[in-house]
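J.: build me a structure from this.
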Amino acid sequence: MNGTYTRATVRQNESWKPAPYSGLKTQYTVYQLVNSNADLVKMGDNLVSNYALGRNLDLAPDVGKINVIGGGIALSGQFDGMGHTISHFNGYQVGTEPTLVGLFGAIYTGGVVRNLGVIDSSASGSYNTPAGILAGLNSGLISNVYTTGSTGSPEETGPGGGGLVARNEGTIERSWSSASVGGQGDYGGLVGVNNGKIVQSFATGSVFGGSHAEGGGLVSQNSGSITQSYASGSAQMYYNGGLVLDNTSTGTISESFATTHIVPQFDPALKGGVAFSNAGTIANNVYWDVGMTTATNSVYGGTPVPAANGLSTVQMRTASSFDSSWDFSPTGTWALPAGAQHPVLRWQLGAQ
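T.: Below you'll find the predicted structure:
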C-alpha cells in the first residue's frame, strides 16, 4: 500500500452536553475492551481506566476464582456494559476481606457504571459487611444497570444490603433489581442505605428475613432523595415499609409509589404502605396500593401522607388517580400500558 499517514486531531464540540440519563461524562471516551473473564479480573490492576464490555460474560466456569474486582480498590474510571450482561457472579467475603462486597466493591466519586446487566448472580457479606450485586458502595454514577439473583447474609449485617447496591452516596438513575434480598439485618430491594440520589428506578424482588431483619421494598434507610421510583415486590420481615423502612430527617421522597406485598413476620401491625417511619419529607404525590401492601396507613410512625393517597389496585391502574405532577403524556415519565397493574416508567417500554 502506498501513501502516507497523518495523525488527525480529534475535535470536540464545546457546546456538547450529554443526553439525559445516558451516563456519559465526556463527548468521546477511549475504552479498553473486556472480552473474557480473564480481562474482567485484570481490570482490578487498574481501576482508574475506562473499560467497555465487548460481549456477554458467563462467570460460572470460574466460580470460586473470581470475586470482587480489585478487592478493596474502588472503580474511579468508567465501565460501559454496552448493553451486555455478566452472569453467575458470586461475590463473597473471605475472613475480613473485602470490606465491601459486589462485582465492584466500591464505585468512587467520578466513577461510572452504565448499560450493564449483572444477572443470575449473588453477593453475600458477613457481620457489618455491606453486600450488593453490583457494588457494596456507590459514590459515583450508576445509569441503566440492572441485577437479578440474590444478596444477603445469614449473619446480622446492620444497615447496608441491597439488590443493586448496599450503600449509595452517589446517583442511581434508570436502574432496577429483581434480586431477592435478605437475611439478618437491614435490607432494601434496590439499595440498603441511600444517602445520595435515586431517580427513575425500581425494585421487584422479595425482601425477607428473620427476627433481626427489617427493610423496605426499594430502600431500607433513606437519608437522601428518591424521586420517580417504585417498589412492586414483596416484604416479609420484622419491620416493613412498602417503599422504604426509615425516611430520616434529611430524607426526601417524591412522585413515587409502592405496591409491595407486605407480610410481617411477627406483629401484623409493624408495617407502613410507604414507610415504616418518617422523620423527613414525603411529598403529597407519593402513593401506595392499600390492597397489595395490606397497609391502611402510609407510615407506622411519624408524619404521614394524605390518607387519600392510599389507592385500590383498580385505582393504581388509572392515570387520573395520580396528581398533575405525574406526566402520563406520550413523552412523559410515566406510562400505563395495557394490562399493567400499576404505572411503569416510560423508559422501561423501550428497554423491553
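J.: can you pull up the bridge partners for residue 176?
T.: On the basis of DSSP bridges, residue 176 is bridged to residue 146, residue 202.
J.: where along the stretch 201-350 of the chain do the helices fall?
T.: 290-293, 313-316, 346-351 (DSSP state H, counting those that start in this stretch).
J.: pick the most buried one from these.
T.: Burial of those is given as mean neighbour count (mean count of other Cβ atoms under 10 Å); helix 290-293 ranks first at a mean of 22. For every residue, glycine as well, the C-beta is placed using N, CA and C.
J.: CA atoms only: put that one into CSV for me.
T.: What follows is helix 290-293, C-alpha atoms only, in CSV (Å, rounded to 0.1, in the frame of the first residue of the first chain):
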residue,chain,number,x,y,z
VAL,A,290,-53.7,-0.5,50.1
GLY,A,291,-54.7,-4.0,48.9
MET,A,292,-51.3,-5.1,47.8
THR,A,293,-49.3,-3.7,50.7
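J.: burial count for residue 285?
T.: 18 (other Cβ atoms under 10 Å).
J.: got it, and the one 4 residues further on?
T.: Applying other Cβ under 10 Å, we find 26 residues neighbouring residue 289.
J.: my guess is it meets residue 259, correct?
T.: Yes: using Cβ atoms under 8 Å, residue 289 is in contact with residue 259, at 4.1 Å.
J.: coming back round to it: out of the helices of the stretch 201-350 of the chain, flag the one nearest residue 33.
T.: Ranking the helices of the stretch 201-350 of the chain by proximity to residue 33 (Cβ to Cβ) places helix 346-351 first, at 23.9 Å.
J.: gap between the closest one and the chain center?
T.: On the basis of Cα atoms, centre = their mean, to the nearest Å, helix 346-351 sits 17 Å off its chain's mean C-alpha point.
J.: state the mean pLDDT of that helix.
T.: Averaging pLDDT along helix 346-351 yields 88.
J.: in the protein, where is pLDDT below threshold?
T.: Within the chain, the stretches with pLDDT under 70 are 1-8, 10, 127, 154-160, 351-352.
J.: residue 139 contacts residue 104, correct?
T.: No: taking contacts as Cβ under 8 Å, residue 139 lies outside contact range of residue 104: 11.2 Å.
J.: hey, what's in contact with both of those two?
T.: Counting by Cβ atoms under 8 Å, 6 or more residues apart in numbering, the contacts common to residue 139 and residue 104 are residue 74.
J.: between the two, which is the more surrounded one?
T.: Ranked by neighbour count (other Cβ under 10 Å), residue 139 and residue 104 place residue 104 first, with 30 against 20.
J.: good, we can wrap up now.
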